[in-house]
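A.B. asks: Kindly return the folded structure for what I paste below:
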Amino acid sequence: MPVNPLSPTFQRQRVLTGFGVPAQERLSRAHVLVIGAGGLASTLLPVLAAAGVGSLTIVDDDTVAESNLHRQTMHTPGDIGRSKAVSATIRLASLAPDAELRAVEGRFDAVTAEGLLHGVDVLVDASDNPATVMLADRVAAERGIPLVWGSALGYAGQAGVAWDARGTDYRDLFPHGPDSSADTCDMIGVLPSVCAVIGAFMATEALKLLTGIGEPLIGRVAAYDARTGRTREIAYRRDESARAAAQSIETTPLSSDDQNAVSPEELRDLLTASFPPLLIDVREPWEADIAAIPGNVLIPLTELPRRAPELDTGHPIVLYCHRGTRSRQALDQLLQLGFSDVRHLTGGIDAWAVRIDPTASRY
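C.D. replies: Numbering: from 1, shown residues only. As a prediction, this is how the structure comes out:
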């Protein structure tokens, strides 16, 4: 049976100022999708379930390992080797037996996102993975729903809300994407209580969004430092000029008078020819983690002048980036360095995904 908003379980919520039965009813009708069932989700998910959220979908392609247990407290030693998504739903079922719980043992990616987000009111990224949160940011904007995100590393963590319809996205905070080469918890560790604090922040933001109570962290980041016990706020906003430039690039027709340009269809044919060109991706590593054209060599634009001597000046080269801007800059650099047979992909990998490979993730 569905979650009963009048249940005595929720009495202490209903008496909150401004909450009452209407907010509890909104929770009982709500559907939240959470990406990740690890450290952040181990606080986030039980709070949402206990608060009366009617439907929870949990997406995770990983299994429980012994090294997870100190911070991923939804799981126990008996769960080692079990799907994290399944383990999480088992724990939540005992906490909220009337909630609709769905475990998805797989990845949240551009292929699966559309089906998974059907009927979802709030998307929560608890994966703490740069490529995943950038994808989640894009698909949440496309669906017109808010994204709650969080991250924890070492003794510190952050949480925020991205909602394109209300003026800011995650990419406004990280316009070039988060640094995928930065330290990870595998390298420097993480204090389990930091995961709990940030998970609680995330749960609170989701509850605020679902009930309409309070002021969500839109355009703001709550940053927590466990060593000092301090929490500070970082405000950010959308750069409209950068958005306008990006929109201009995105809507530029793929046909071009540039003799050094190659269309997605032309590149597809070139790559299957008997003497294919060297395909160079000039994006950043975090972008390549989201999607890449098979057979490429990754040389970020900033590294190209230094690494150009690695390349054969006489071999055909095709450069590509996200939408064609950086690859055009890279082409000019190589031509100045004496390379003769160089072209770049018009529209970048975004055009490739639309016109050649619809399974490629877009961002």
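A.B. asks: Just give me the neighbour total for residue 302.
C.D. replies: The number of residues packed near residue 302 is 10, by other C-beta atoms under 10 Å. In this view, the C-beta of every residue, glycine as well, is placed from N, C-alpha and C.
A.B. asks: Now residue 116: phi and psi?
C.D. replies: Taking degrees, to the nearest 10, you get phi -70, psi -30 for the backbone angles of residue 116.
A.B. asks: got it, and residue 220?
C.D. replies: Taking degrees, to the nearest 10 as the convention, residue 220 sits at phi -140, psi 150.
A.B. asks: Next: residue 265.
C.D. replies: Dihedral angles (degrees, to the nearest 10) for residue 265: phi -70, psi -40.
A.B. asks: residues touching it, list them.
C.D. replies: With contacts taken as C-beta atoms under 8 Å, 6 or more residues apart in numbering, residue 265 has the following neighbours: 355-356.
A.B. asks: what pLDDT does it get?
C.D. replies: At residue 265, the pLDDT value in this model is 94.
A.B. asks: And it, how far from residue 57?
C.D. replies: Look at residue 265 and residue 57: by C-beta to C-beta, to the nearest Å, they are 37 Å apart.
A.B. asks: do residue 14 as well
C.D. replies: 26 Å.
A.B. asks: avg pLDDT for stretch 129-143?
C.D. replies: Taken as a whole, stretch 129-143 has a mean pLDDT of 90.
A.B. asks: Mind listing what's buried along that stretch?
C.D. replies: For stretch 129-143, burial by neighbour count (16 or more other C-beta atoms under 10 Å) applies to 129-141, 143.
A.B. asks: could you say what helices and strands whichever strand or helix holds residue 306 packs with?
C.D. replies: Using DSSP states H and E, residue 306 maps to helix 304-307. Under the contact criterion of 3 or more C-beta pairs under 8 Å, 6 or more residues apart in numbering; DSSP states H and E, helix 304-307 touches helix 325-336.
A.B. asks: Enumerate residues external to the helix or strand following the helix it packs on that contact any of its residues.
C.D. replies: Downstream of helix 325-336, the first helix or strand assigned by DSSP H and E is strand 342-345. Here strand 342-345 makes contact (C-beta under 8 Å, 6+ apart) with 260-264, 267, 277, 316-321, 324, 327-328, 330-331, 334-335, 351-352.
A.B. asks: next SSE after strand 342-345?
C.D. replies: The helix or strand immediately downstream of strand 342-345 is helix 348-355, counting by DSSP H and E.
A.B. asks: Mean confidence (pLDDT) on that next one, please.
C.D. replies: So the average pLDDT for helix 348-355 ends up being 90.
A.B. asks: For that helix, buried residues please.
C.D. replies: 348-353.
A.B. asks: Would you mind measuring from the nearest residue to residue 129 once chain neighbours are set aside to residue 191?
C.D. replies: In space, and not counting its chain neighbours, residue 129 is closest to residue 36: 7.8 Å by C-beta to C-beta, 6 or more residues apart in numbering. According to C-beta to C-beta, residue 36 and residue 191 sit 18 Å apart.
A.B. asks: between those two, who's got more neighbours?
C.D. replies: residue 36 (29 against 19).
A.B. asks: Pretty sure that one sits against residue 136.
C.D. replies: No - applying C-beta atoms under 8 Å, one finds residue 36 not in contact with residue 136, separated by 10.2 Å.
A.B. asks: so what's in contact with these two at the same time?
C.D. replies: With C-beta under 8 Å, 6+ apart as the test, residue 36 and residue 136 both reach residue 125.
A.B. asks: Now do residue 174, the pLDDT please.
C.D. replies: So, for residue 174, pLDDT stands at 78.
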